[in-house]
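Engineer: Coordinates only, no sequence provided:
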């Protein structure tokens, strides 16, 4: 099987994020593989091991993305591809990403493409479905189980607290939800092997794309942190007095009654 994982390098939201001038400051920030993409990587490896074939992980970014690609290789992926747009694009959106990926995949023999349900930095969940539409293949989002038998697939997806089971055929694109599996940590032997695994680098020219072809359709105007929460108030005294004070606070300060 020819299995591909579309991966994104994201900010580590467990670390401190600094917002400056309406955007996230990258200097000093920690970056990781998007956590939902880790589920996709793990599932791709498991599918390969059960059905034979190879797993190729693909990302769009700059030279710094090699670190996350090497991590994916250390987890068990066979090949990696960096589509380097550092010198070509200053900004992009979900259209930009899906358009570039579609051009990359157009001449590939694809059985299965996996990606994360959402990226934790943007959370739009658009790239997977957009890419599937451009490639004219079936797709299922927010999956929690994947079974493949030949060219047949049975997919279980999360639907707001319930599950939906879908039968479909390959080629197929799926996006991974939490609960699909438990992503492995790169082992020391895996890290050593990753250094020798192929990591190819492409640019827009290699995909016969111009900047105008992938110009973003949306623009982020500003990014800002949520307001700090004020400390709560503890009401004291007789119950009736507390009720009276609570009603007053709700009416005059919170303005909800």
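Structural biologist: It's in. If you're wondering where the values come from, they're calculated on a predicted model, not measured in any experiment. Numbers count the residues shown, from 1 in each chain.
Engineer: contacts and neighbour counts: CA atoms only from here.
Structural biologist: Noted.
Engineer: Point out where this structure drops to low pLDDT.
Structural biologist: Applying pLDDT under 70 to the chain flags residues 22-23, 25.
Engineer: Number of residues surrounding residue 13?
Structural biologist: 14 (other C-alpha atoms under 10 Å).
Engineer: Give me the three-state assignment for it.
Structural biologist: Following DSSP: H, G, I helix; E, B strand; the rest coil, the label given to residue 13 is coil.
Engineer: State the distance from it to residue 213.
Structural biologist: Plainly put, residue 13 is 32 Å away from residue 213 if you go by C-alpha to C-alpha, to the nearest Å.
Engineer: what's the domain layout of this protein?
Structural biologist: 2-214, 230-257 (automatic domain parsing).
Engineer: for those domains, which one sits closest to residue 222?
Structural biologist: domain 2-214 (4.6 Å; C-alpha to C-alpha).
Engineer: Just to check, residue 115 is in contact with residue 5?
Structural biologist: Yes. Proximity of residue 115 to residue 5 meets the contact threshold set by C-alpha atoms under 8 Å, at 5.7 Å.
Engineer: joint contacts of the two?
Structural biologist: 37, 40-41 (C-alpha atoms under 8 Å, 6 or more residues apart in numbering).
Engineer: For the nearest residue to residue 16 once chain neighbours are set aside, which residues are in contact?
Structural biologist: Take residue 16 and drop its neighbours on the chain: the residue closest to it by C-alpha to C-alpha, 6 or more residues apart in numbering is residue 29, 7.5 Å away. Neighbouring residues of residue 29 by C-alpha under 8 Å, 6+ apart: 11-12, 15-17.
Engineer: so who does residue 112 touch?
Structural biologist: For residue 112, counting by C-alpha under 8 Å, 6+ apart, the contacting residues are 1-4, 170-174.
Engineer: Just want to check the distance between it and residue 45.
Structural biologist: From residue 112 to residue 45 the distance is 12 Å (C-alpha to C-alpha).
Engineer: on that earlier part again, of residue 115 and residue 5, who's got more company?
Structural biologist: residue 115 (32 against 29).
Engineer: and that one, what element?
Structural biologist: Under the criterion of DSSP states H and E, residue 115 resides in strand 112-116.
Engineer: List the buried residues of the next helix or strand after that strand.
Structural biologist: Next along the chain after strand 112-116, taking DSSP H and E as the criterion, comes helix 127-135. For helix 127-135, the neighbour count (16 or more other C-alpha atoms under 10 Å) marks 127-132, 135 as buried.
Engineer: So what touches the one helix or strand residue 174 maps to?
Structural biologist: Per DSSP H and E: residue 174 is located in strand 172-176. Residues outside strand 172-176 that contact it (C-alpha under 8 Å, 6+ apart): 36-37, 39-40, 111-117, 128, 132, 137-144.
Engineer: ok, of those, which come out buried?
Structural biologist: Buried by 16+ other C-alpha under 10 Å: 36-37, 39-40, 111-117, 128, 132, 137, 139-144, out of the contacts of strand 172-176.
Engineer: Need the distance between the two termini of stretch 99-116.
Structural biologist: Termini of stretch 99-116 sit 17 Å apart (C-alpha to C-alpha).
Engineer: Now find how far off-centre that stretch is within its chain.
Structural biologist: 15 Å (C-alpha atoms, centre = their mean, to the nearest Å).
Engineer: can you check stretch 52-70 too?
Structural biologist: That offset, for stretch 52-70, works out to 13 Å (C-alpha atoms, centre = their mean).
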